[in-house]
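Engineer: one predicted model, sequence on top.
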2 protein chains.
Amino acid sequence: MKARRPSPDDQHLTEQLGATGLRLTPQRQQVYDVLVHKRDHPTAEEVFIRAKKQMPEISHATVYNCLDALVKSGLARPVTVDRGATRFCPNMHEHGHCHCDACGMVFDVALPANLPGVALPAGFKLKRYEVALHGTCAECAPQK
Amino acid sequence: MKARRPSPDDQHLTEQLGATGLRLTPQRQQVYDVLVHKRDHPTAEEVFIRAKKQMPEISHATVYNCLDALVKSGLARPVTVDRGATRFCPNMHEHGHCHCDACGMVFDVALPANLPGVALPAGFKLKRYEVALHGTCAECAPQK
DNA sequence: AACCGATTTAGAATTATTCTAAATCTTGAC
DNA sequence: GTCAAGATTTAGAATAATTCTAAATCGGTT
């Protein structure tokens, strides 16, 4: 990967950000590129490290700002599987996260369609939900 | 509420802690009492403040230690609805958490029985899962 | 060419949590 | 009962993740 080449997504980015009153900046594009390039649910710190490879002068705070802008514009989701750093995911389809407590790996998992059928408190207006599954992945399974 | 009076739960506490190789101490009992007394999903800090009313000399670190002991022994669950302090819940039945993004209130909600039916990655061994629902509660609903 | 608001930047500040080392308590062996 | 061993508590320091702040910069007008 070298210099940034405009992709078909740019249009999408501009639109989504614009709808939230935000601009598409090189930093926001870079941060978004990092997310889609390797979809391993990186933390803000990891995004920062990866983004710096292409854009060495980008700052820590900017990465947080950009991630926040992407989340607000519906281009990424924050994922909190464990206490510790929030992770980010550009997969905006409805899905849950499966987390290996041993190695920390996070996988996307499809969800049954009927989740929203839970009995909510009266008058509660559901906006989004998050499903976190915890356990041990095949690699880390306590091999007998 | 004044001095701690032995309750029927004490037996249960001793057993559960014992099974994990831990003892029932006055501090652990106090912290557990705080959790069951007001089940509003307090943070460690809130538990600390409430516990101090009965036990003024209890320390911050002890509250964290006790909460950790309770979680390890299956007497409480950590709940992470948002970034920010972890909350604690003594309801060990399977349930999800409904969180009002406006006022921060957390409600327990019953879950459909079929959640575990999701397609997990091959070899993944599920231990527990957490469902967090976000939205606005009746009180905070944008009243038209 | 100067201006305005949005954005980025570096670093300080804050928040939540964990760590550390010493003091204290408990329990079983004698 | 007394003592040593190990568990637990304590205060405060240390760490990790994130947010805040104020100044510099940028992009698109007037």
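Structural biologist: Yes, it's here.
Engineer: neighbours of A:Val81, how many?
Structural biologist: 21 (other Cβ atoms under 10 Å in any protein chain shown). For the C-beta atoms, the positions are set from N, CA and C on the backbone; glycine is no exception.
Engineer: can you pull the contacts of it?
Structural biologist: A:87, A:97, A:99, A:106, A:132, A:134 (Cβ atoms under 8 Å, 6 or more residues apart in numbering or on different chains).
Engineer: now, which of the residues you listed lie within strands?
Structural biologist: A:87, A:97, A:99, A:106, A:132, A:134 (DSSP state E).
Engineer: run through the contacts of A:Val81 and flag the ones next to chain B.
Structural biologist: Contacts with chain B are made by A:132, A:134 out of the contacts of A:Val81, judged by Cβ under 8 Å from any Cβ of the partner chain.
Engineer: most neighbours among the contacts of A:Val81, which one?
Structural biologist: Counting neighbours by other Cβ under 10 Å, the top entry in these is A:His99, with 26 neighbours.
Engineer: A:Lys127: what secondary structure?
Structural biologist: What DSSP: H, G, I helix; E, B strand; the rest coil gives for A:Lys127 is strand.
Engineer: and it, what does it touch?
Structural biologist: For A:Lys127, the contact set (Cβ under 8 Å, 6+ apart) comprises B:101, B:134-136.
Engineer: returning to that earlier point: so can I have CSV of the contacts of A:Val81 showing pLDDT?
Structural biologist: Output for these, formatted as CSV (pLDDT from 0 to 100):
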residue, pLDDT
A:Arg87, 96
A:His97, 93
A:His99, 92
A:Val106, 92
A:Ala132, 91
A:His134, 90
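Engineer: in TSV, list the contacts of A:Val81 along with distance to DNA strand C.
Structural biologist: What follows is the contacts of A:Val81, written out as TSV (distance: Cβ to the nearest atom of the strand, whole Å):
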residue	distance to DNA strand C
A:Arg87	16
A:His97	19
A:His99	16
A:Val106	19
A:Ala132	15
A:His134	15
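Engineer: let me know the closest of the contacts of A:Val81 to DNA strand D.
Structural biologist: If you rank the contacts of A:Val81 by distance to DNA strand D using Cβ to the nearest atom of the strand, A:Arg87 comes first, at 8.1 Å.
Engineer: let me see the contact set for that closest one.
Structural biologist: For A:Arg87, the contact set (Cβ under 8 Å, 6+ apart) comprises A:41-43, A:78-81, A:106.
Engineer: so who does A:Ala61 touch?
Structural biologist: A:Ala61 touches nothing, counting by Cβ under 8 Å, 6+ apart.
Engineer: shouldn't it be within a helix?
Structural biologist: Yes - according to three-state DSSP, A:Ala61 belongs to a helix.
Engineer: all strands for chain A, in order.
Structural biologist: Using DSSP E, strands in chain A cover A:77-79, A:87-89, A:96-100, A:106-109, A:125-136.
Engineer: tell me which of the ones you listed is the most buried.
Structural biologist: With neighbours taken as mean count of other Cβ atoms under 10 Å in any protein chain shown, the strands of chain A reach their highest mean count in strand A:96-100, at a mean of 24.
Engineer: so which other helices or strands are in contact with that one?
Structural biologist: In this structure, strand A:96-100 packs against strand A:106-109, strand A:125-136, with contacts taken as 3 or more Cβ pairs under 8 Å, 6 or more residues apart in numbering or on different chains; DSSP states H and E.
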